[in-house]
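[1] Give the three-dimensional model of this entry:
(one chain, ligands or ions: 1)
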Amino acid sequence: MASVVVALLSWIHAVAGYEIPAALPAVQFVSHQILVDTMCEGIECPVAGMYLYGDAVYLDERLDVETDPLHQSILLHELVHYMQRQSGLFTPPSCATWVAAEREAYRLQARWLSVHQGVHPMMRYMPRADLCEPDARTPRKAAGAPSSGNGAVPPADDGPHERPTE
Ligand SMILES: [Zn+2]
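    Predicted coordinates:
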């Protein structure tokens, strides 16, 4: 576990410039229900990790951060928050600083996934370059167009960004 944490902290340091902390944060695995109770007021939600401004990050016990790149990216997201906290940036606490911190954490998570998993899952929603007929006002077809961008399960095709073979 420690080697994964060190690797992720080092990557964040290299990409975002945050100092690597002298003491590694603890990674504590907890039940999904504890995450839901803490972050979503007990109402089921897809939370998989949290950081509460202490010396530990908390992850859903079902995550495999040793081998699964997507699960590792969730740990990375929480470690970004840990390093943000250590840096003293994103203060004083406010909605605006929270939004800025979250956006940075999500951007770094997506960038890390693009390096380690090939294609970020949300890239599957990017419309194809040949989606439109010349001079058309609307897309050729609705399939593959983004719906609401709410993190819905990606379509089970080969990826709408790839070139057609016909
Ligand atoms: Zn976050």
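[2] and for the helix or strand hosting Ala110, what are the contacting residues?
    Assessed by DSSP states H and E, Ala110 sits inside helix 95-116. Helix 95-116 is contacted from outside by 8, 11-12, 15-16, 69-70, 72-74, 76-77, 80-81, 84, 89-91, 120-123, using CB atoms under 8 Å, 6 or more residues apart in numbering. For the C-beta atoms, the positions are set from N, CA and C on the backbone; glycine is no exception.
[3] same question, stretch 26-45
    Identification of contacts with stretch 26-45 by CB under 8 Å, 6+ apart yields 1, 5, 47-50, 52, 55-63, 65, 75.
[4] So which of those are in strands?
    Among those, the residues falling in strands (DSSP state E) are Gly49, Met50, Ala56, Val57, Tyr58, Leu59, Asp60.
[5] Looking at those residues, which one is closest to Asp130?
    Top of the list for closeness to Asp130, among those and by CB to CB, is Gly49 at 38.4 Å.
[6] which residues does that closest one contact?
    So Gly49 contacts Leu35, Val57, Tyr58, Leu59, Asp60, Leu63, Ile74, Leu75, His77, Glu78 (CB under 8 Å, 6+ apart).
[7] Which parts of the protein are helices?
    Assigned by DSSP state H, the helices in the chain fall at 2-16, 32-39, 69-87, 95-116.
[8] Dump those to TSV, plus mean pLDDT, mean neighbour count and distance to the ion.
    Formatted as TSV, the helices of the chain follow (pLDDT from 0 to 100; neighbours: other CB atoms under 10 Å; distance: least, CB to the ion, whole Å):
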stretch	mean pLDDT	mean neighbour count	distance to the ion
helix 2-16	96	15	13
helix 32-39	96	15	10
helix 69-87	95	20	5
helix 95-116	92	15	4
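[9] Tell me the buried residues within the contacts of stretch 26-45.
    Val5, Val47, Ala48, Gly49, Met50, Val57, Tyr58, Leu59, Asp60, Leu63, Val65, Leu75 (16 or more other CB atoms under 10 Å).
[10] Can you name the two of these that sit furthest apart?
    Every pair of the buried ones among the contacts of stretch 26-45 checked by CB to CB; the farthest is Val5 and Val47, at 20.2 Å.
[11] What is the end-to-end distance of stretch 16-30?
    By CA to CA, to the nearest Å, the extent of stretch 16-30 from end to end equals 28 Å.
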